[in-house]
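Participant: no sequence for this one, just the structure:
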């Protein structure tokens, strides 16, 4: 007798749904854009100036400088701090490629340190072991929306007279012992890539700092090395946050705290539904500040097989990031080997990000959790 196979239920839960976000702020955004279109000012105008003031106030810093992308924020910050050829900059091996890429683009060498597997952020002990006479800076990454352990890193920077640049691309609104991420170092770098918690309608970025000198240098570097029009003091970049993106971001910034609150609530729902599920490690809170859950990232063995099953059920997931930086082909010349940074390598083999956008429904979270349970029971 032929046994009938149960049809798989497709849940259709995307990893991110920007259309839902837009629907909730459509009129606000369209009104803001109308102001820009009527002004016909598109570069370094009143919207970008106002956004800089608002982001500086949000982060608790004296200055904020809008740039063309989160990558440019890192690149220009390092340049403003004097990083260049012959220098070394310590970065985590487990993060997006741009963190190390910006070091290389300045002629410096990225030195890869390991992470703490519990938080996916830079391990201060690994950093301490990597410091050499050529080390010029450290870049902690506040990954997935949670702050790195900054106090020991700040102490290392003071002890060895190093610069510290926070990669805050994924954690705007997060805190560390009451301090906003991005505001604790020489510079804090923000990405407004559309998928971020505060996302533009294109590329965009910003640097926050308490140093007037760094702020002045950044304003020059983002505009062809020019502090005065048509008079360039050095070779710079063309990296300016435009008025359309600034207008959109100003609207979204008013909602960011509530969106982050919703993300935390959704993460707590996942925690509850996945508690005790064998083979799954849910995100661990550091205890040193607010997590804003840019991603809800679990660790699961046989990750690729689990992801395939979830995809077949219509559930969007992502792997951030499948290959650690020290094993990327672009850095083969640095001669790192598998096993050199074991926590980063384990994270790359096990991480899986589940849908956690602010507008996700309770029913969708239950669908994702149920499908994950089923995938592990196969």
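Facilitator: Sure, I can see it. Since we're looking at a predicted model, the values are computed, not measured. Numbering: from 1, shown residues only.
Participant: Residue 286 is in contact with residue 147, isn't it?
Facilitator: Yes. Shown here, residue 286 and residue 147 form a contact pair, counting by CB atoms under 8 Å, at 7.0 Å. Placement of C-beta: from N, CA and C, glycine included.
Participant: and for these two, which residues touch both?
Facilitator: By CB atoms under 8 Å, 6 or more residues apart in numbering, residue 286 and residue 147 have these common neighbours: residue 121.
Participant: So which of those two has more stuff around it?
Facilitator: A count of neighbours by other CB atoms under 10 Å puts residue 147 above the other of residue 286 and residue 147, at 29 against 17.
Participant: what are the phi and psi angles of the closest residue to the more buried one other than its chain neighbours?
Facilitator: Leaving aside its sequence neighbours, residue 147 sits nearest to residue 176 (CB to CB, 6 or more residues apart in numbering; 4.0 Å). When quoted as degrees, to the nearest 10, the phi and psi of residue 176 stand at phi -140, psi 110.
Participant: is it true that residue 176 touches residue 152?
Facilitator: No. Contact between residue 176 and residue 152 fails when scored by CB under 8 Å: they sit 11.7 Å apart.
Participant: where along the stretch 101-250 of the chain do the helices fall?
Facilitator: Counting by DSSP state H, counting those that start in this stretch, the segments of the stretch 101-250 of the chain that form helices are 124-130, 150-160, 212-221, 243-253.
Participant: quick one on the thing from earlier: settle it for me: which of residue 176 and residue 152 has more neighbours?
Facilitator: Ranked by neighbour count (other CB under 10 Å), residue 176 and residue 152 place residue 176 first, with 23 against 15.
Participant: can you tell me which residues contact that one?
Facilitator: Applying CB under 8 Å, 6+ apart, we find residue 176 in contact with 147-148, 150, 184, 288-289.
Participant: the domain parsing of the chain - what is it?
Facilitator: 20-253, 256-377 (automatic domain parsing).
Participant: I'd like to know how many residues surround residue 184.
Facilitator: Each residue near residue 184 was counted by other CB under 10 Å, and the total is 24.
Participant: That one and residue 150 touch, don't they?
Facilitator: Yes. Contact criterion CB under 8 Å: residue 184 and residue 150 qualify, at 5.3 Å.
Participant: I'd like to know which elements the longest helix seen in the chain is packed against.
Facilitator: Longest helix in the chain by number of residues (criterion: DSSP state H): helix 18-39. The helices and strands touching helix 18-39, judged by 3 or more CB pairs under 8 Å, 6 or more residues apart in numbering; DSSP states H and E, are helix 46-59, helix 243-253.
Participant: any idea of the mean pLDDT for that helix?
Facilitator: Averaging pLDDT along helix 18-39 gives 98.
Participant: May I see the buried residues of that helix?
Facilitator: For helix 18-39, burial by neighbour count (16 or more other CB atoms under 10 Å) applies to 21, 29, 32-33, 36.
Participant: so where is this structure shaky, pLDDT-wise?
Facilitator: Applying pLDDT under 70 to the chain flags the ranges 1-8.
Participant: OK, contacts around residue 345?
Facilitator: 324, 327, 338-339.
Participant: and what of residue 56?
Facilitator: Counting by CB under 8 Å, 6+ apart, residue 56 makes contact with 62-64, 208.
Participant: Tell me the gap between the helix or strand hosting residue 64 and the middle of its chain.
Facilitator: Here residue 64 sits within strand 63-67, counting by DSSP states H and E. Strand 63-67 sits 17 Å away from the centroid of its parent chain (CA atoms, centre = their mean, to the nearest Å).
Participant: Could you point out the helix or strand that follows it?
Facilitator: For strand 63-67, the following helix or strand on the C-terminal side (DSSP H and E) is helix 70-80.
Participant: Now do that next one against strand 63-67, angle only.
Facilitator: Between helix 70-80 and strand 63-67, the angle comes out at 120 degrees (axes from the mean of the first three to the mean of the last three CA atoms, to 10 degrees).
Participant: what's the next helix-or-strand element following helix 70-80 packed up against?
Facilitator: Proceeding N to C from helix 70-80, the next assigned helix or strand is strand 88-92, under DSSP H and E. Contacts defined by 3+ CB pairs under 8 Å, 6+ apart place strand 88-92 against helix 98-105, strand 109-113, strand 135-138.
Participant: Residue 356 is nearest to which of the ones you listed?
Facilitator: Nearest of the helices and strands packed on strand 88-92 to residue 356, taken as CB to CB: helix 98-105 at 22.2 Å.
Participant: Can you point out the buried residues in that closest one?
Facilitator: Across helix 98-105, burial judged by 16+ other CB under 10 Å covers 98-103.
Participant: likewise stretch 149-158?
Facilitator: Residues 149-150, 153-154, 156-157 are the ones in stretch 149-158 that count as buried (16+ other CB under 10 Å).
Participant: can I get these in TSV with distance to residue 265?
Facilitator: As requested, the buried residues of stretch 149-158 are exported to TSV (distance: CB to CB, whole Å):
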residue	distance to residue 265
149	25
150	26
153	30
154	31
156	35
157	35
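Participant: SS state for residue 353?
Facilitator: Under DSSP: H, G, I helix; E, B strand; the rest coil, the three-state class of residue 353 is strand.
Participant: burial of it, as a residue count?
Facilitator: Neighbour count of residue 353, defined by other CB under 10 Å: 20.
Participant: now it, which residues is it bridged with?
Facilitator: Residue 353 forms beta bridges with residue 297, residue 318, as assigned by DSSP bridges.
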